[in-house]
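# Return atomic coordinates for the entry below.
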Amino acid sequence: MVIMTITTTHLLLLTDLVADLPVAVRLQRLVVSLRAHFGCGAVALLKLDGEHLRPVAMDGLVSDTLGRRFLIKDHPRLATILRRRGVTCFHHDSAMPDPYDGLIADRPGEPLPVHDCMGMALDLEGERWGVVTLDALQVGTFDSQAQRELGELACAIEAAVRVTRLEAEIRALRVSGAAAQAASTGAAREDSDFLGQSDAITQLLHELDVVADSELPVLLLGETGVGKELCAHRLHRLSRRAGKPLVHVNCAALPESLAESELFGHARGAFSGAVNDRPGRFEAAEGGTLFLDEVGELPLSIQAKLLRTLQNGEIQRLGADQPRRVNVRVIAATNRSLRDHVRDGTFRADLYHRLSVYPVPIPPLRERGHDVLLLAGRFLELNRARLGLRSLRLSTQAEDALRHYRWPGNVRELEHVISRAALKAVIRGADRKEIMTLERDMLDLDGVDMPANTDAPAPPMSEAIPATMQQLVEASQRQAIRQALNRHQGNWAASARQLGLDASNLHKLAKRVGLKP
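Numbering: from 1, shown residues only. Take a look at the predicted model:
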């Protein structure tokens with residue numbers, strides 16, 4: 001007979017099982033209790049998500065770890081823990097690299113390797129759910145007694161995880177209609193699209209979840225790089241149309257001469273080269289969702305036909321005599337102010353009102369607070385794997401720089417900044433087998449479009465004076481547009497008002513002087 005000792009940690013975990021706690025708080029209390037019990041440097045709870053292990057709670061690791069996705073085949077220790085039953089321990093002389101080398105937060109200025117590690121796979125209803133890992137900088141922290149105690153805590157840890165999954169399923173059932181099933185089956189991917197814990201993202205995800213099953217047209221509003229396409233995918237996945245196609249159309253890339261044929265199809269002989277009947281994107285999305293990205297770029301002639309489709313549920317192929325019925329939900333997105341385009345006559349007012357039945361503004365990265373570090377963690381891990389590095393981390397100064405920068409290019413810009421910095425570190429001769437730290441100067445943030453301090457005076461003109469009066473004028477115009485966009489956080493309409501220009505004229509001017517709106 002095996003006698004299990006009931007410890008204070010057991011009692012804390014069991015007490016939390018019956019407490020009314022948010023999921024994130026419940027899991028965080030779990031890892032904090034485990035770290036205190038074993039007196040180690042860090043504890044992480046990772047959920048199996050396809051070929052990755054995704055941290056869902058941690059204590060003692062640097063902030064960006066929660067945003068990382070650990071590809072199982074790239075991390076032999078995690079793969080070993082996941083594959084085995086019971087507790088697996090790796091001592092200081094293990095040849096297997098530790099995924100948390102340099103990431104333990106106790107000594108942020110010293111990117112030290114992990115010396116002791118143990119972990120255990122977790123099962124729910126007979127299926128592998130994920131793993132719990134414990135790491136220490138001190139050799140011998142996880143002796144035979146510690147390993148035995150972790151094994152004894154397995155049931156309590158799995159019970160805590162089971163409660164959180166039940167709570168997630170209950171939330172999914174609150175989504176009305178067929179979306180409940182989609183929300184339930186898509187739970188594993190729920191955190192794979194939008195990464196963040198800020199109030200802005202929490203509110204956005206709640207809004208998307210509610211409107212997903214409404215069948216209403218949705219207009220996604222936001223700056224370049226904020227994740228409008230991710231929002232469209234989430235809306236489709238959580239809708240009753242999830243089993244049907246999601247068709248993406250980049251309206252900005254449609255030549256005006258081909259736009260009608262691409263969207264609505266054409267009949268044989270409609271134009272030179274039309275040797276067969278061809279369905280368009282609307283027919284390809286039958287029963288599902290059509291995502292019109294950068295919808296403000298559509299020519300006026302196409303806008304009228306799109307309006308008819310939204311009103312009547314009918315399309316007419318180019319060159320065909322009879323209309324066709326379609327059953328398609330339209331989600332549109334733009335990084336411009338369609339209201340301004342309506343005023344200047346480049347966008348139809350009636351189409352705007354049809355598309356914006358439910359507008360959803362997507363917050364820019366600068367309004368998401370600590371989320372920037374979680375996203376940085378994801379890109380750090382991607383670049384670590386891509387470049388074959390042992391470990392890739394940020395210095396404290398680099399973290400501060402990321403938090404205070406304004407990110408005019410949003411998440412896409414952050415990804416490029418991290419990738420460029422990682423390449424710089426390798427080019428400068430950093431040892432791939434050592435813990436690599438990205439310093440503040442490697443991020444090159446001052447040279448990326450707009451600086452963080454919006455109230456700072458404009459930088460002096462370059463010593464390389466333009467050769468002609470025209471070049472001097474264009475340089476001055478570029479500087480004025482940048483300053484206006486910086487002051488108004490990338491809002492083109494507000495910037496145009498400040499500069500005394502019509503919004504469409506500001507876009508044209510920006511393109512002419514080499515700034516892409």
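# Identify the residues contacting stretch 379-398?
Here stretch 379-398 makes contact (CB atoms under 8 Å, 6 or more residues apart in numbering) with 62, 64, 68-71, 74, 97, 101-103, 108-109, 111, 373, 376, 402, 414-415, 418-419, 422-423, 426, 432-440, 442-443. Placement of C-beta: from N, CA and C, glycine included.
# in it, what's buried?
379-385, 387, 389-395, 398 (16 or more other CB atoms under 10 Å).
# again, but for stretch 345-364
Within stretch 345-364, the residues scored as buried using 16+ other CB under 10 Å are Thr346, Phe347, Arg348, Leu351, Tyr352, Arg354, Leu355, Ser356, Val360, Ile362, Pro363, Pro364.
# The last one and Ala200: what is the separation?
Separation of Pro364 from Ala200 (CB to CB, to the nearest Å): 9 Å.
# Please apply the same query to the second one.
The gap separating Phe347 from Ala200 is 27 Å, by CB to CB.
# what's the neighbour count on His37?
When counting by other CB atoms under 10 Å, one arrives at 20 neighbours for His37.
# Quick check on it: phi, psi?
Main-chain torsions, His37, degrees, to the nearest 10: phi -60, psi -40.
# do Arg162 as well
Backbone torsions for Arg162, taken as degrees, to the nearest 10, come to phi -60, psi -40.
# For it, which non-adjacent residue is spatially closest?
Nearest non-adjacent residue to Arg162, counting by CB to CB, 6 or more residues apart in numbering: Leu124, 5.6 Å away.
# hang on, the one you found packs against Val161?
Yes - in terms of CB atoms under 8 Å, Leu124 counts as a neighbour of Val161; the distance is 6.4 Å.
# if you count what's nearby, which of the two comes out ahead?
Ranked by neighbour count (other CB under 10 Å), Leu124 and Val161 place Val161 first, with 22 against 13.
# Show me the helices in the stretch 101-250 of the chain, by range?
Secondary structure of the stretch 101-250 of the chain by DSSP state H, counting those that start in this stretch: the helices cover 144-152, 154-173, 179-185, 190-193, 199-211, 228-237.
# Out of those, which is the most enclosed?
Ranked by mean neighbour count, the helices of the stretch 101-250 of the chain are led by helix 228-237 with a mean of 21 (mean count of other CB atoms under 10 Å).
# Report all helices and strands that that helix contacts.
The contact analysis (3 or more CB pairs under 8 Å, 6 or more residues apart in numbering; DSSP states H and E) places helix 228-237 against helix 190-193, helix 199-211, strand 218-221, strand 246-250, strand 289-293, strand 329-334.
# tell me the angle of that helix relative to strand 246-250?
Relative orientation of helix 228-237 and strand 246-250, computed by axes from the mean of the first three to the mean of the last three CA atoms, to 10 degrees: 160 degrees.
# Grab the CA positions of helix 228-237 and hand them over as PDB.
Output of helix 228-237 as PDB, limited to C-alpha atoms (Å, rounded to 0.1, in the frame of the first residue of the first chain):
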ATOM      1  CA  LYS A 228      -7.400  42.400 -39.200                       C
ATOM      2  CA  GLU A 229      -7.000  39.100 -41.100                       C
ATOM      3  CA  LEU A 230      -6.700  37.200 -37.800                       C
ATOM      4  CA  CYS A 231     -10.000  38.800 -36.700                       C
ATOM      5  CA  ALA A 232     -11.700  37.700 -39.900                       C
ATOM      6  CA  HIS A 233     -10.500  34.100 -39.400                       C
ATOM      7  CA  ARG A 234     -11.700  34.100 -35.900                       C
ATOM      8  CA  LEU A 235     -15.100  35.500 -36.900                       C
ATOM      9  CA  HIS A 236     -15.500  32.700 -39.500                       C
ATOM     10  CA  ARG A 237     -14.200  30.000 -37.200                       C
END
